[in-house]
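> sequence? don't have it. structure:
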């Protein structure tokens, strides 16, 4: 799936922009009957991009093995912005929105790189999990401090307008006349 972005490491400098964590090309088997990436595969791509993001933080494979921890996605909110089709290249970037000892709030963007447009975004809340108990638990000092270093840079970035948006729709006049809603 990778086509050029080197996976970030916890020793890499922190850029003053969202971090490129993964690149790839849309797999033909992921295309739906509308001729574009199937909705479910956006989550697959965004979830795959969490591993290099965790590597950058210092919560990667080696840390997980030594500390017997993992992370779980507690919530993902995907916004589908523009269709992306078969064999089209993309890059996933991540911006840290907030963190504490047990949670990491981030914002991912999938950008189609040929025409440079945003295809989708994903707001994600990750939980730090103790391996033996599978319960939320505090992370070690090293990744927590790395998050602090990232936050020192990312807190200056504007919060993307998609962050925190609810899914909502004003009921139609006809629906408002329904006796159960009156």
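Looks like it came in fine. Since the structure is predicted, the reported quantities are computational estimates derived from the model, not experimental observations. Numbers count the residues shown, from 1 in each chain.
> switch to C-alpha atoms for all contacts and neighbour counts from now on
Fine.
> In this structure, spot the strand with the most residues.
Ranked by residue count, the top strand of the chain under DSSP state E comes out as strand 117-130.
> Direction included, what does the very next helix or strand once past that one pair up with?
On the C-terminal side of strand 117-130, the closest following helix or strand by DSSP states H and E is strand 135-136. Strand 135-136 sits in its sheet next to strand 117-130 (antiparallel), going by DSSP bridges.
> so what secondary structure elements neighbour the lengthiest helix in the chain?
Of all segments of type helix in the chain, defined using DSSP state H, the longest is helix 141-154. The elements that helix 141-154 packs onto, with contact taken as 3 or more Cα pairs under 8 Å, 6 or more residues apart in numbering; DSSP states H and E, are helix 50-57, strand 89-99.
> Residue 39: which of the ones you listed is closest?
Closest approach to residue 39 among these is made by strand 89-99 (15.6 Å; Cα to Cα).
> list the helices and strands the closest one packs on?
Using 3+ Cα pairs under 8 Å, 6+ apart, strand 89-99 is in contact with strand 19-25, strand 103-112, helix 141-154.
> Which one of those lies nearest to residue 40?
Distance to residue 40, taken as Cα to Cα, is lowest for strand 103-112 among those, at 14.1 Å.
> can you list contacts of that closest one?
Residues outside strand 103-112 that contact it (Cα atoms under 8 Å, 6 or more residues apart in numbering) are 46, 84, 88-99, 117-128, 163.
> quick one on the thing from earlier: just send the helices and strands packed on strand 89-99 back as TSV, with mean pLDDT and mean neighbour count too.
Output for the helices and strands packed on strand 89-99, formatted as TSV (pLDDT from 0 to 100; neighbours: other Cα atoms under 10 Å):
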stretch	mean pLDDT	mean neighbour count
strand 19-25	95	22
strand 103-112	98	22
helix 141-154	96	17
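> if we can go back for a sec, restrict the contacts of strand 103-112 to the buried ones and give me that as a PyMOL selection.
Under the burial definition 16 or more other Cα atoms under 10 Å, those of the contacts of strand 103-112 that qualify are selected in PyMOL by:
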select buried, resi 46+84+88+89+90+91+92+93+94+95+96+97+98+99+118+119+120+121+122+123+124+125+126+127+128
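> The nearest residue to residue 129 once chain neighbours are set aside: how many residues sit nearby?
Nearest residue to residue 129, sequence neighbours excluded (Cα to Cα, 6 or more residues apart in numbering): residue 136, at 4.5 Å. Using other Cα atoms under 10 Å, residue 136 has 18 other residues around it.
> thinking again about what came up before, compile the helices and strands packed on strand 89-99 into JSON lines and extend it with columns for distance to residue 70.
Formatted as JSON lines, the helices and strands packed on strand 89-99 follow (distance: least, Cα to Cα, whole Å):
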{"stretch": "strand 19-25", "distance to residue 70": "19"}
{"stretch": "strand 103-112", "distance to residue 70": "12"}
{"stretch": "helix 141-154", "distance to residue 70": "12"}
